[in-house]
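Chemist: everything below, folded, please.
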Amino acid sequence: MKKTVIVTGASKGIGAATAILFAQKGYNVVINYNNSFESADILCRSLVSNGFSASIHKANVANKLEVDLMIKETLYKYGSIDVLVNNAGIAYQNLITDTDEVDFDSIIDVNLKGVFNCCKAVTSPMVEKKCGKIINISSMWGQVGASCEVAYSAAKAGVIGLTKALAKELAPSGITVNAIAPGLIETSMNANLSEEDIKDFIEGIPLGRIGNADDVANAALFLASDEAGYITGQVLGVNGGYVV
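Modeler: Okay, the predicted model is just below:
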């Protein structure tokens, strides 16, 4: 029986690369999106046309009812959920003095509450079958903090705390929970950075380059594999050595 993975925020960037890789490895892939229907649809059609098993599902991860419906429909369609990759997220850069309550709440709702909602929704079916893999995409800024990104750093730090606590809670049921903390990755989320900004950033990266979406996808695939069966509650840095 094929394994099934849900990848949130999978219409582009890290999420899309993760969806593609898991599909290539034989998984049924649920491509979650919220606003980017066209990108998600194109990705899904491309995978299906190449003989892979994929479907799309619209759900705002910050909305519990929408998440619960996505999980219910996935279980109905595929019979199980073996892997959850919590990738959906939004970025926000501003001085704390210019960050209002609405901005802060929005970042927390999607980047942290969204992870909570999805983890909670898959817990019962995973516990019932005594296995499962949960992989939460955090950020190196959740580890060390970023200037002018107080809300984002706080949310991503929260993801790390959630990961560690949930790993302890679910370990007796054979479920592993880990986080990936990407560094600077070449995605649309970082498209606002100038060439000069990127050049300056690269000077602080020991491996001498920014990352790409496949670097993170490969880390997710490893954490979902049997080879990572004795790894839980950990934060895997994919940052080229920027944070050590």
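
Chemist: how much space between Leu75 and Lys156?
Modeler: 29 Å (CB to CB, to the nearest Å). The C-beta positions use only the backbone N, C-alpha and C, and glycine is treated the same way.

Chemist: give the buried residues for the helix of greatest length in the chain.
Modeler: Longest helix of the chain, by residue count under DSSP state H: helix 150-170. Under the neighbour-count criterion of 16 or more other CB atoms under 10 Å, helix 150-170 has 150-160, 162-164, 166-167, 170 buried.

Chemist: next: stretch 60-75.
Modeler: Under the neighbour-count criterion of 16+ other CB under 10 Å, stretch 60-75 has 60-64, 66-67, 70-71, 74 buried.

Chemist: tell me which residue lies nearest the centroid of the chain.
Modeler: Among the residues of the chain, the one closest to the centroid is Asn87, at 1.9 Å (CA atoms, centre = their mean).

Chemist: so it touches Lys12, yeah?
Modeler: No. Taking contacts as CB atoms under 8 Å, Asn87 lies outside contact range of Lys12: 10.5 Å.

Chemist: which SS class is Leu193?
Modeler: Of the three states, Leu193 takes coil under DSSP: H, G, I helix; E, B strand; the rest coil.

Chemist: what is the neighbour count of it?
Modeler: Using other CB atoms under 10 Å, Leu193 has 15 neighbouring residues.

Chemist: gap between it and Ser49?
Modeler: According to CB to CB, Leu193 and Ser49 sit 34 Å apart.

Chemist: and for Gln234?
Modeler: From Gln234 to Ser49 the distance is 37 Å (CB to CB).

Chemist: alpha carbons of the helix or strand containing Leu65, as CSV, please.
Modeler: Using DSSP states H and E, Leu65 sits within helix 64-78. The C-alpha coordinates for helix 64-78 follow below in CSV (Å, rounded to 0.1, in the frame of the first residue of the first chain):
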residue,chain,number,x,y,z
LYS,A,64,-9.2,24.5,12.3
LEU,A,65,-12.3,23.5,10.4
GLU,A,66,-10.6,23.7,7.0
VAL,A,67,-7.7,21.7,8.3
ASP,A,68,-9.9,19.0,9.9
LEU,A,69,-11.8,18.7,6.6
MET,A,70,-8.6,18.3,4.6
ILE,A,71,-7.5,15.5,7.0
LYS,A,72,-10.9,13.8,6.8
GLU,A,73,-11.0,13.9,3.0
THR,A,74,-7.4,12.6,2.7
LEU,A,75,-8.1,9.7,4.9
TYR,A,76,-11.2,8.9,2.9
LYS,A,77,-9.3,9.1,-0.4
TYR,A,78,-6.1,7.3,0.5
